[in-house]
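[1] Quick one, what's the 3D model for this:
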Amino acid sequence: MRFKAVWNERCSEILHRNARHYTNNEIAALIEAATGLRFSVFVVSRRRAALGLDHSQRKDWPAPITRQRWLRSRSVKSKHGRRSSEC
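    All right, here's what the predicted structure looks like:
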């Protein structure tokens with residue numbers, strides 16, 4: 001049998017307190033550290049919407065894309081000595 005974490009008042013309190021300054025991923029980590037309950041980013045996102053809380057002003061999703069583009073451009077420069085016009 002698998003234990004399913006149940007959202008409780010403590011989780012809602014952590015979400016309310018940190019909603020303006022942290023992303024859903026960071027809030028999920030804060031909830032896990034404080035309560036021991038593990039929730040996915042999707043669950044935190046749905047709870048945030050259900051409680052009528054606005055999203056944080058920070059965006060954490062473009063960082064991996066930017067990093068990948070930067071690494072790709074570095075590898076093209078190292079192969080050809082300069083950036084090719086095909087990229």
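[2] Tell me which stretches of the protein form helices.
    9-18, 24-35, 41-50, 62-80 (DSSP state H).
[3] For the first one, buried residues please.
    To tie it back to what came earlier, the one meant is helix 9-18. Within helix 9-18, the residues that count as buried by 16 or more other C-beta atoms under 10 Å are 11, 14, 15, 18. Where you see a C-beta, it was placed from the backbone N, CA and C, and this is true even at glycine.
[4] Closest one of these to residue 46?
    Distances from residue 46 to the buried residues of helix 9-18, taken as C-beta to C-beta, are shortest for residue 15 (11.0 Å).
[5] For residue 41, see how far away the closest one is.
    Distance of residue 15 to residue 41, given as C-beta to C-beta, to the nearest Å: 12 Å.
[6] residues contacting residue 44?
    15, 24, 25, 27, 28, 31 (C-beta atoms under 8 Å, 6 or more residues apart in numbering).
[7] Grab the two from the residues you listed that are most spread out in space.
    15 and 25 (12.8 Å).
[8] Where does pLDDT dip in this structure?
    Applying pLDDT under 70 to the chain picks out residues 1-3, 56-65, 67, 76-87.
[9] Give me the neighbour count for the closest residue to residue 18 other than its chain neighbours.
    Nearest non-adjacent residue to residue 18, counting by C-beta to C-beta, 6 or more residues apart in numbering: residue 27, 5.5 Å away. As a burial measure, residue 27 scores 24 neighbours (other C-beta atoms under 10 Å).
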